[in-house]
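Visitor: Give me a model of this one.
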Amino acid sequence: MKWGIAFLIAPLALLASGTLQVFGHSWTVYNPVDWSITQDHGTPVLRLVTPRNPLPGPRRPIQFAIAETENFGDVTVEADVQPLQRSLMIVFSYQDASHFDYAHLSIDTAKKQSHHNGIFHVYEGERVRISSPDGPAAFPQTKHWYHVKLVHREKTGSVDVFVDGKAIPALHAVDLSLTTGKIGLGSFDETAEFKNVKISGQAAK
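Guide: Residues are numbered from 1 along each chain as shown. Okay, the predicted model is just below:
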């Protein structure tokens, strides 16, 4: 019985949410202690310092900060990002913990790691890849700053991600089931840094 109680308490402990203030927004996170806000020559940097694996059950990410804004239809996210390990992610069309899409940007190609470097869809179950596995990795290396731009359109459901101005073929997809929602930043089970984050768009209709 003691083991059963411990098993139940551990996942619940991960859900002790809190908020962070940065980039002109409040951001909801599961574990505030897993994050830090520092300065880079006067520029705020949001850093995910603690990687966490998904909770028991359907395999999908939990370690991301959600900007507490209106639900966007058309939205553009621009940010300077730095993967501290192999990858990081940008969440879009976030409606709740069981309904969202995300772009996974990695130093791996999708041909090397099928769950890396792509657009993924979460709809009440395990994450599913919805983009092509073709093309180069998003990042040539880790521990380097890149400028990333994500563009999502409500009417068509399309999403495209650009890294340093270049389109990444594996980071294009269309999802017509989740066309509106909030934006998030984080990683699947690694660490990363984000700065100069700008979210712009139109409220969902």
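
Visitor: Can you list phi and psi of Val148 for me?
Guide: Val148 has phi and psi values of phi -120, psi 140 when expressed as degrees, to the nearest 10.

Visitor: Tell me what Val29 is bridged to.
Guide: Beta bridges link Val29 to Gly18, judged by DSSP bridges.

Visitor: Could you check the host helix or strand of Ser26 and say which residues are buried?
Guide: Ser26 is located in strand 25-29, with elements delineated by DSSP states H and E. Residues of strand 25-29 classed as buried under the neighbour-count rule (16 or more other C-beta atoms under 10 Å) are 25, 27-29. Where C-beta positions appear, they are placed from N, C-alpha and C, glycine not excepted.

Visitor: dump the residue contacts of the nearest residue in space to Gly125 that is not next to it in sequence.
Guide: Computed as C-beta to C-beta, 6 or more residues apart in numbering, the closest residue to Gly125 that is not its neighbour in sequence is Pro58, at 4.7 Å. By C-beta atoms under 8 Å, 6 or more residues apart in numbering, Pro58 lies in contact with 124-127.

Visitor: Okay, now the unreliable bits of the protein?
Guide: Residue ranges of the chain with pLDDT under 70: 1-16.

Visitor: Please enumerate the helices of it.
Guide: Secondary structure of the chain by DSSP state H: the helices cover 2-13.

Visitor: contacting residues around stretch 36-43?
Guide: Residues from elsewhere that reach stretch 36-43 (C-beta under 8 Å, 6+ apart): 20-22, 44-47, 49, 195-196.

Visitor: Glu70 - how many residues pack around it?
Guide: Residue neighbour count, defined by other C-beta atoms under 10 Å, stands at 12 for Glu70.

Visitor: And the nearest residue to it once chain neighbours are set aside, how far from Asp175?
Guide: Spatial nearest neighbour of Glu70, chain neighbours left out: Ala203 (4.7 Å); criterion: C-beta to C-beta, 6+ apart. Look at Ala203 and Asp175: by C-beta to C-beta, to the nearest Å, they are 19 Å apart.

Visitor: do the same with Thr191
Guide: Separation of Thr191 from Asp175 (C-beta to C-beta): 27 Å.

Visitor: just Arg52 next, same as before
Guide: Counting by C-beta to C-beta, the separation of Arg52 from Asp175 is 25 Å.

Visitor: Please apply the same query to Asp164.
Guide: Computed as C-beta to C-beta, the Asp164 to Asp175 distance reads 25 Å.

Visitor: same question, Gly18
Guide: Noted for Gly18: a distance of 29 Å to Asp175, by C-beta to C-beta.

Visitor: So which of those two has more stuff around it?
Guide: Shown here are Gly18 and Asp175; by other C-beta under 10 Å, Asp175 has more neighbours (20 against 13).
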